[in-house]
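Asks: just a sequence and a predicted model for now, questions to come.
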Amino acid sequence: MSNLSIQQRVLDLAPSATLAMKARAKVLQDQGISIISMGAGEPDFETPSCIIDAVKRALDKGVNRYTGVRGTDELIAAMQLKFERDQKVRYEPTEVISTVGAKMAIAMAIEAVAGPGDEVIVIAPYWVSYPEQIKLAGATPVITSSTISSIKKAITPHTKAIIVNSPNNPTGEVLPESYLRELCDLLVGTGIWLISDEIYEHLVFDGRKHVSPASLSDDARSRTLIITGASKGYAMTGWRVGFAAGPQKLVAAIAKLQEQRYTCIAAVTQAAAAFALREPAELTAEIEKMRVSYQDRRDRLVQYLKNIPQIKCTAPQGTFYALLDFSEVMKDDETLASRLLTEAHVATV
């Protein structure tokens with residue numbers, strides 16, 4: 001047994017802070033303690049009934065076989081429709097793919113474009129999994145602030161990609177078109193990919209509009225991989241379905257990785273996604289109801305926080321997150337999260 005080893009890159013991998021907190025909260029819940037869970041990024045709405053009904057119909061028709069690696073013809077057509085409708089970009093069937101959640105699309109995209117000796121720029125604040133996924137690919141995460149000047153300084157000959165996330169987890173910021181244009185202009189003439197995580201695109205507030213960088217120019221389209229999914233906007237986290245669209249050579253590389261690892265996503269999940277992406281009227285109403293509810297919760301949270309002078313918070317422009325500044329109370333965020341869980345029975349990240 002002493003000669004059996006585990007790869008160091010796996011041993012060095014940090015556990016998901018989100019899932020770790022969810023697991024700790026479950027231990028307390030199993031002990032009978034009531035926990036307010038704000039750990040995992042999961043809607044508390046049920047998957048809309050119209051999606052469930054669509055899946056039942058698909059199962060009755062015998063949707064239970066392997067599919068093509070990118071997805072069924074029905075799902076591929078629905079993805080094309082979705083990206084043209086929402087991101088304002090037209091893609092060919094060979095430029096879209098369904099994946100095991102948006103998380104896996106990001107991981108495979110990173111692995112496809114970066115490896116040992118390469119760098120991938122991550123704009124802070126960021127989703128906790130980005131740096132670890134970059135490390136798993138053998139590359140180095142380079143953390144920088146969101147200013148264009150900071151990003152420009154972070155670019156080196158080793159930079160292979162930049163990850164941008166709007167609406168943002170964890171701040172809720174929605175990047176304006178002017179900022180995205182500056183970022184895309186910065187990359188003109190370079191060999192740098194832009195991985196655009198747009199998973200919260202449905203959840204924007206106060207009349208704002210979500211803008212995809214791929215829609216801004218031919219050059220931006222040629223280097224941008226859009227990644228989104230059904231989990232947040234459609235309340236389908238457990239269905240594990242993501243969507244990616246971008247240049248054919250990158251999507252083909254991702255398809256190769258998926259083919260060797262997962263074959264395809266579950267056929268029943270694809271049936272659900274194909275229905276959801278077309279957003280019939282009954283689903284559109286459900287999406288808007290969830291969005292309005294999140295905005296109302298945002299408003300109440302910000303109002304409550306005004307009564308706590310030592311805690312600061314910029315009102316989120318989208319998502320269902322708020323990034324709170326507790327630095328006047330405590331400097332160590334992990335200690336704070338632990339105390340909130342054990343003493344107040346509130347799970348955070």
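Replies: Arrived safely, thanks for sending. Residues are numbered from 1 along each chain as shown.

Asks: name the residues that touch the host helix or strand of A273?
Replies: When elements are assigned from DSSP states H and E, A273 belongs to helix 267-277. If you take CB atoms under 8 Å, 6 or more residues apart in numbering as the criterion, helix 267-277 is touched by 47, 50-51, 54-55, 58-59, 63-67, 71-72, 74-75, 77-79, 81-82, 98, 230, 234, 236, 239-241, 243, 264, 283. Any C-beta I mention is one placed from the backbone N, CA and C, and that applies to glycine too.

Asks: what subset of those residues is buried?
Replies: For these, a burial check counting by 16 or more other CB atoms under 10 Å picks out 47, 51, 54-55, 58, 63, 67, 71-72, 74-75, 77-79, 82, 98, 230, 234, 236, 239-241, 243, 264, 283.

Asks: let's see which of the residues you listed end up in helices.
Replies: With helices identified by DSSP state H, the entries of these that belong to them are 51, 54-55, 58, 74-75, 77-79, 82, 283.

Asks: name the nearest of the residues you listed relative to S222.
Replies: The shortest separation between S222 and any of these is 19.1 Å, and it belongs to M79 (by CB to CB).

Asks: how close does that closest one sit to T144?
Replies: Using CB to CB, to the nearest Å, we find M79 at a distance of 31 Å from T144.

Asks: so I121 sits in a helix?
Replies: No - with DSSP: H, G, I helix; E, B strand; the rest coil as the criterion, I121 is located in strand rather than a helix.

Asks: can I assume it is in contact with A161?
Replies: Yes - I121 is in contact with A161 according to CB atoms under 8 Å; the separation is 7.3 Å.

Asks: this structure: strands as residue ranges?
Replies: Counting by DSSP state E, the chain has these strands, from start to end: 36-37, 96-99, 119-123, 140-144, 159-165, 193-197, 224-229, 242-245, 312-313, 324-325, 346-347.

Asks: just put the ones you listed in JSON lines and tack on mean pLDDT.
Replies: Shown next, in JSON lines, are these (pLDDT from 0 to 100):
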{"stretch": "strand 36-37", "mean pLDDT": "87"}
{"stretch": "strand 96-99", "mean pLDDT": "97"}
{"stretch": "strand 119-123", "mean pLDDT": "98"}
{"stretch": "strand 140-144", "mean pLDDT": "98"}
{"stretch": "strand 159-165", "mean pLDDT": "98"}
{"stretch": "strand 193-197", "mean pLDDT": "98"}
{"stretch": "strand 224-229", "mean pLDDT": "98"}
{"stretch": "strand 242-245", "mean pLDDT": "97"}
{"stretch": "strand 312-313", "mean pLDDT": "90"}
{"stretch": "strand 324-325", "mean pLDDT": "92"}
{"stretch": "strand 346-347", "mean pLDDT": "90"}
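
Asks: nearest to L180, of those?
Replies: Using CB to CB as the measure, strand 159-165 is the one of the strands of the chain that comes nearest L180, at 7.7 Å.

Asks: which elements pack onto the closest one?
Replies: The helices and strands touching strand 159-165, judged by 3 or more CB pairs under 8 Å, 6 or more residues apart in numbering; DSSP states H and E, are helix 101-113, strand 119-123, helix 177-187, strand 193-197.

Asks: looking at these, which is closest to L257?
Replies: L257 sits nearest to helix 101-113 of all these, at 4.6 Å, using CB to CB.

Asks: by contact count, what packs against the closest one?
Replies: Counting by 3+ CB pairs under 8 Å, 6+ apart, helix 101-113 packs on strand 96-99, helix 129-136, strand 159-165, strand 193-197, strand 224-229, strand 242-245, helix 248-261.

Asks: including distance to F326, could these go into CSV?
Replies: Listed next are the helices and strands packed on helix 101-113 as CSV, based on distance: least, CB to CB, whole Å:
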stretch, distance to F326
strand 96-99, 35
helix 129-136, 22
strand 159-165, 22
strand 193-197, 26
strand 224-229, 30
strand 242-245, 32
helix 248-261, 39
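
Asks: for the residue most central in space within the chain, give its distance to G101.
Replies: Ranked by distance to the mean C-alpha position of the chain (CA atoms, centre = their mean), the top residue is I199 at 4.5 Å. Applying CB to CB, the value for I199 to G101 is 9 Å.
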